[in-house]
Structure formats: structure tokens, C-alpha cells
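[1] using only what follows, build the 3D model:
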Amino acid sequence: MADLFSTSDPAPEPGRAPAGPLADRLRPAALNAVVGQGHLLGPEGSLTAMLSGALPSLILWGPPGVGKTTIARLLADHVGLHFVQISAIFTGVADLRKVFETARNRRANGRGTLLFVDEIHRFNKAQQDGFLPHMEDGTITLVGATTENPSFELNAALMSRAQVLVLHRLTLKDMELLTQRAERELGAKLPLDGPAREALQEMADGDGRALLNLVEQVAAWGAKGLIDVETLSKRLQKRAAQYDKSGDAHYNLISALHKSVRGSDPDAALYWLARMLKGGEDPRYLARRITRMAVEDIGLADPQAQGLCLQAWETYERLGSPEGELALANVVVYLALAPKSNAAYAAFKAAMKGAAQAGSEQPPKHILNAPTQLMKDQGYAAGYAYDHDQADGFSGQNYFPDGMKRPVYYVPVERGFERELGRRLDWFVEQRAKRAKG
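    Numbers count the residues shown, from 1 in each chain. Next up, the predicted model:
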């Protein structure tokens, strides 16, 4: 079981040379030394406030390399709990039973357990439910770590018994502080000029552990002079951007793309499109969502926008990647600069709500067909005015159920082609009113 469960490491003996990776050697020894999470661990931080009382169970939600494991270890030390770490990837139900039994015995001997569960979102619902009785009776204080949105990945029962704390991606300022700590530990400055130093920190993409690994590689080169950006880029690979096509980043980035188009910002829209494509997103998914943007946010203000989306989609299907992706980029720029209107979208939602409330109201009889004599005798089609027979092509008859107050769903905006539709609608409203008086 030693490969599944680890407890706090003993302090190194005085005088012994530090061993292990740089990231482990620089692991903070106190909560206030954790970099980049001041909103949690600063003097006014939410976690700092919690430590004035009994520590509740927690879910630490944040990207990789921002201190989730470190914070859990330090919390255990701070409140005097025995630290036990497991990973949801390698732990089964039988392993969990042993952990809970050991924690129960430890509690009987007067010491509590802080159980840190890495990748807790990988446990299924039944496994997550297994924690509940042990949290409730005080056998364990659970600290779960996840890179995925807990709202989607953790069940409601577990969420109701734990507080969610959000950890932030490290900034370049945080990365510089980590770099300086690493240099003190190594006893030497990194052989990088200013731009290369910043490029190294950007390569880590907000992941402190990744940064320290990169720092360790650069230090091992033993370079005599300063290394520039070009040389650094040849020797090191930039860390792949975080993107999970089925996870939280997927929804965050498509939301950013959609809102950039809605906000008429073609540069931002292209940036988020490129981010998703670089992350390996299926261009067909993007083509579908881009078409939805045209239908929802441009609508009748530019009726050809939807057609251009479908053409771009078809172009991608014919050309494939990467050539066809340019068609998607073209239409994203077009949509961002097109006049915007959600009038038809809002009207459709209102009509759907009205239809749900109306129940089974029947159409007025004058607009019903009467293919049989019985139906004619019942008044079907009686009094129907054929619009093409009218001088102006408009009869002004009522098409809503008899007795139903006429609603207004569609209110066009004064933008793009919808401005013209608004003028037509105004004319019909005026003619309908005249015919009602006549």
C-alpha cells in the first residue's frame, strides 16, 4: 500500500545536502509562503479566516501546478492532523475501506486525519458517496483537489459537506518570485538574458511545478554566457496549453468565442478560435457552434450570415484541416463585424413560453380547412379572406385563437436588414388597426 498512501515526509537531517527534484526542495514550509494564492492565504484570505476555527472539509479547484497538494499538507500540519494522500486514479473501493479503517483507529487514539484526495473528480458517484459518513462522524477531514469544475464533476451530497476554494493560475509576477527562490536554492543566477528569462516563465503557462522543472533543466546546461530567446526556444519546448475537449476549459473557451463575436471584437474572436483549434478541438464542433452564433446573435439583422456559416462548414468538410480552418476564421470575422440582433431569438423563446401557457387552444375556424361537408357545417373556413385577393395583399385577419389577447413577440432592432423588417412590421400593424376599425 506504500505506493498508494503517503504521509508527511520527515524533516531532513541538519547538514545533509538536499536531494530530489527542485520542485520538491522548494515546497513551502508555511502557508504564508505559498505563491499566488493571496486571496485564500493572505491576511484577509478566506482560508486564513477558516483556520481560526475547526477546519472544514474542502475542495481545492484550480489548474495544475498552483499549490493544491502543498496547501493540503500545510493545512494538516497547521491544525495537527495526520496527513494521508491518495489519488483517485489509483485507488479502488477496497483501498478506501482500509484508509477509513486506519483513520478510525487513529481517531480512537486521539488524532484526526486529513485525507487529501488528488483528482477527486475521477471517483464515480458511488465512490464519492462513500466519503460522506466518514466526513459526518469526524473520522476524516476531506481535502479534495480537482482541475475540473466541481459543479459538473462532484455530486451534490459531497458538495454540500465541503467548501469549494478556487486557486488561481500563477501570474508572471508569481513566476518571477518562484524563479528567484529557485536561484537561491541553486546558489546561482540563471544564465538567461531578460527576454529569455521572461520567455522561460511564459513557457510554464501558469504552472509553478512546470516552471521549476524548466529552471532545473536550464541550470543543468552549465552555460558560460547569457542565453537569448532564440537559443532557449530551440532547447526547450513550450508547455502545451491546458485544454480538455470534454472538460471545463472546453466550455470556457467556446463561451469566450461566442461572447467575443457577440461583442463585435474580431481580434478576440480569432484568438479564442485559434486557442481551441490549437488545443485539438474538432473543427466540426466549432462550425456548428459558429452557425448557432449567427442564428442567435445576428439573426435577421443580416440574413446571409447563416448561409455563410453553412458555406464555411461545407468548405471545411471538403478541404479538411488545416486549409478548411481558414473558412471558419473568415466567417468568425464576418459574424463579429455583422449587425447584431437577437430579436427573433427572443421572440421564439417568448412564443414557446406562450404556447406552453395556452394549453390546447384551437385556431380560429376561419383559417381551418374544410375538406368535408360536416366541417363546412361546423363553420370551418367560413369568412376566410384570401390575402392575395386584397388590393394590397394583406387581409388583416386574426390568426390567434378566438378570445386570446394578441401578444407581441417579435420586436425588430434598428440595425442592419432588420431595420427594413421593422418598417414592414409597422405597416402591417397600422393596416391591421385600420381594418379593425373599419
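[2] residue 66 should be in a helix, yeah?
    No: secondary structure assignment places residue 66 outside any helix; it is coil (DSSP: H, G, I helix; E, B strand; the rest coil).
[3] so it touches residue 211, yeah?
    No: shown here, residue 66 and residue 211 do not form a contact pair, counting by Cβ atoms under 8 Å, at 11.1 Å. Every C-beta, even on glycine, is put in place using the N, C-alpha and C of the backbone.
[4] what sits in contact with each of these two?
    Contact with both residue 66 and residue 211 is made by residues residue 170, according to Cβ atoms under 8 Å, 6 or more residues apart in numbering.
[5] show me which of these two is the more surrounded one.
    Neighbours were counted for residue 66 and for residue 211 using other Cβ atoms under 10 Å; residue 211 has more, 27 against 24.
[6] report the contact partners of that one.
    Residue 211 neighbours (Cβ under 8 Å, 6+ apart): 65, 170, 175, 178, 179, 200, 201, 204.
[7] just the ones in helices from those, please.
    175, 178, 179, 200, 201 (DSSP state H).
[8] would you confirm that the second one contacts residue 212?
    When you say that, I think you mean residue 178. Yes: counting by Cβ under 8 Å, residue 178 touches residue 212, with 6.6 Å between them.
[9] please say which of these two ends up with more neighbours.
    A side-by-side neighbour count of residue 178 and residue 212, using other Cβ under 10 Å, places residue 212 first with 25 against 21.
[10] that one belongs to a helix?
    Yes: using three-state DSSP, the assignment for residue 212 is a helix.
[11] so what's it closest to, chain neighbours aside?
    residue 23 (4.2 Å; Cβ to Cβ, 6 or more residues apart in numbering).
[12] give me every residue that touches the one you found.
    Residues near residue 23 by Cβ under 8 Å, 6+ apart: 208, 209, 212, 213.
[13] rerun at 7 Å
    Contact analysis of residue 23 by Cβ atoms under 7 Å, 6 or more residues apart in numbering lists 209, 212, 213.
[14] now the first one: how far from residue 432?
    What that stands for is residue 209. Using Cβ to Cβ, to the nearest Å, residue 209 is found at 69 Å from residue 432.
[15] looking at those two, which is more packed in?
    Neighbours were counted for residue 209 and for residue 432 using other Cβ under 10 Å; residue 209 has more, 21 against 15.
[16] pretty sure the more buried one contacts residue 65?
    Yes: between residue 209 and residue 65 there is a contact under Cβ atoms under 7 Å: 3.9 Å.
[17] and the average pLDDT for stretch 344-358 is what?
    For stretch 344-358, mean pLDDT rounds to 90.
[18] residues of that stretch that come out buried?
    Neighbour counts using 16 or more other Cβ atoms under 10 Å place 344, 347, 348 of stretch 344-358 among the buried residues.
[19] list just the nearest of those to residue 425.
    The closest of the buried residues of stretch 344-358 to residue 425 turns out to be residue 347 (Cβ to Cβ; 11.1 Å).
[20] quick check, that closest one in a helix?
    Yes: under three-state DSSP, residue 347 falls within a helix.
[21] hang on, isn't it packed against residue 407?
    No: look at residue 347 against residue 407 with Cβ under 7 Å: they stay out of range, at 9.9 Å.
[22] show the pLDDT at residue 171.
    Residue 171 carries a pLDDT value of 93.
[23] and the residue lying closest to it once chain neighbours are set aside, what does it touch?
    Nearest non-adjacent residue to residue 171, counting by Cβ to Cβ, 6+ apart: residue 36, 6.7 Å away. The neighbours of residue 36, taking Cβ under 7 Å, 6+ apart as the test, are 66, 168, 170, 171, 174.
[24] closest to residue 424 out of the contacts of residue 211?
    The closest of the contacts of residue 211 to residue 424 turns out to be residue 170 (Cβ to Cβ; 56.1 Å).
[25] pretty sure that closest one contacts residue 66?
    Yes: contact criterion Cβ under 7 Å: residue 170 and residue 66 qualify, at 6.0 Å.
[26] overlap of the contact sets of those two?
    Residues touching both residue 170 and residue 66 comprise 36, 208, with contact defined as Cβ under 7 Å, 6+ apart.
[27] endpoints of stretch 412-420, how far apart?
    End-to-end span of stretch 412-420 (Cα to Cα, to the nearest Å): 9 Å.
[28] do stretch 370-379 as well
    The straight-line separation of the ends of stretch 370-379 (Cα to Cα) is 8 Å.
[29] residues in contact with that stretch?
    The contact list for stretch 370-379 (Cβ under 7 Å, 6+ apart) reads 365, 380, 381.
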